[in-house]
Structures are given as C-alpha cells and as structure tokens.
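**Q** task: produce atomic coordinates for the following.
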Amino acid sequence: AADKISLIPEDFFAELCEQIIQHLSHKIPGVNTAELCQRIQTSGVEISVGDLAKIVNVVSFLFSTAGRNHLSTDELITTLGNAINVLPKHAVQVICHIWNEQGKSITMSEETRNMATVGQFVDMKWKLGVAVSSDTCRSLKYPYVTVTLKVTDSSGQITDKSFEMPIPQFKNFFRQFKEMAAVLETV
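**A** Sure thing, here's the model as predicted:
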C-alpha cells in the first residue's frame, strides 16, 4: 500500500485521513472510496478503487490502533519510526497532523470497538421494473423490484449491494420491515 500512497496527492490523502478519523469517531458512516477514487483519477493519478480500499484499511488500522492505545502525536511518530522509511514523507506528515488535530475524537471503548466490527446502513434506493421479453420467451411481463443498499463494511468503506426480487418476495420483505417498525414502536 505504501507505493500506492506515494501516488496520491497530499490534499487528497489529507481528505482521506480526515474521512477515516470521522468514520472512526462515528461522525460519518464510512469512507466513500469510489467517489474519492474518481476525483483522484480526474486529477490525473492512475489508482484503482481496490488500491485505494487497501490504503483505507491500512490507515484505518493505524488510527484505530493509535486510538485504542491512546497514543499522543509524539508516540505515534515513534511508532511510525520504522514506517517512515517506507511511507512517503508527505504521508507521514499528514497522518501526524491529522492525528494531532483530530485524534482525540477517537475513543476506543469496548462498545465502540464492537460497533466498528459491524457494517452500517447508509442509504437505500429501489425501482420497479418489468421484464418484457427475453431470448427464450417473447412475452414475459414479469414485474420485479430492484433494491440497492448503500452500506459500510467493517473497515468503513461504502459499497453498494444490489438485488432483485419478484413482487411476492418484495411483499414479504416489506411485511418484515413493518414488523420491525412495530417492534421498534414498543421500545
């Protein structure tokens, strides 16, 4: 990941680090690596979403470990001592600066640590479609619902998960949501 970090301009790397800190502080649901990757690529840097995701994992691990161990900026610099030869100088400077400014917001209590291992729901979109025909059937007229869930995984990366359901399955899905809502009303 260190060789890929050197490709990222300092301002984008700082934004990435800030988003990771905000995610670990539960201020945002996750890091939108696809959107950030597109902006980095638009600036002329060749990097894939997969490579950016690896960088997010490495920096998230670094910040969460520093938070769990309540490291000061000086202690973080000492800990990064071996990595300074591997990581680009600008990356180490950004990491230390962001940690100095915002690192206190990360509290790794037991509850926070448990929450960090579970993904979170961010958004949901749906659309109704009708399959009109296929190469094997001329007249299908088969309605279905496509659902796209935007979720964060345990490392904080935002991803889309899409699936289709026939109408009877969607009605069952909807019924289960109504049951959950009814249970929540009693809480």
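**Q** okay, now the domains of the chain?
**A** Under the TED database, the residue ranges defining each domain of the chain are 1-116, 120-185.
**Q** what residues of stretch 40-48 count as buried?
**A** The neighbour-count check on stretch 40-48 (16 or more other CB atoms under 10 Å) flags Ile40, Ile47 as buried. Every C-beta, even on glycine, is put in place using the N, C-alpha and C of the backbone.
**Q** repeat for stretch 76-95
**A** Within stretch 76-95, the residues that count as buried by 16+ other CB under 10 Å are Leu76, Ile77, Leu80, Leu87, Pro88, Ala91, Val92, Val94, Ile95.
**Q** next one: stretch 58-76
**A** By neighbour count, with 16+ other CB under 10 Å as the criterion, the buried positions of stretch 58-76 are Val58, Val59, Ser60, Leu62, Phe63, Ser64, Ala66, Gly67, Leu71, Thr73, Leu76.
**Q** and that stretch, average pLDDT?
**A** Stretch 58-76 carries an average pLDDT of 86.
**Q** just the CA coordinates of that stretch, formatted as PDB?
**A** Output of stretch 58-76 as PDB, limited to C-alpha atoms (Å, rounded to 0.1, in the frame of the first residue of the first chain):
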ATOM      1  CA  VAL A  58      -4.100   0.400   6.400                       C
ATOM      2  CA  VAL A  59      -4.700   4.000   7.600                       C
ATOM      3  CA  SER A  60      -7.900   2.900   9.500                       C
ATOM      4  CA  PHE A  61      -5.900   0.200  11.200                       C
ATOM      5  CA  LEU A  62      -3.200   2.700  12.100                       C
ATOM      6  CA  PHE A  63      -5.600   5.300  13.500                       C
ATOM      7  CA  SER A  64      -7.800   2.700  15.400                       C
ATOM      8  CA  THR A  65      -4.700   1.100  16.900                       C
ATOM      9  CA  ALA A  66      -3.400   4.500  18.000                       C
ATOM     10  CA  GLY A  67      -6.800   5.400  19.400                       C
ATOM     11  CA  ARG A  68      -7.100   2.100  21.300                       C
ATOM     12  CA  ASN A  69      -3.700   2.600  22.800                       C
ATOM     13  CA  HIS A  70      -4.300   6.400  23.500                       C
ATOM     14  CA  LEU A  71      -1.200   7.400  21.700                       C
ATOM     15  CA  SER A  72      -0.100  11.000  21.600                       C
ATOM     16  CA  THR A  73       1.300  12.500  18.400                       C
ATOM     17  CA  ASP A  74       4.800  12.000  19.600                       C
ATOM     18  CA  GLU A  75       4.100   8.400  20.400                       C
ATOM     19  CA  LEU A  76       2.500   7.900  17.000                       C
END
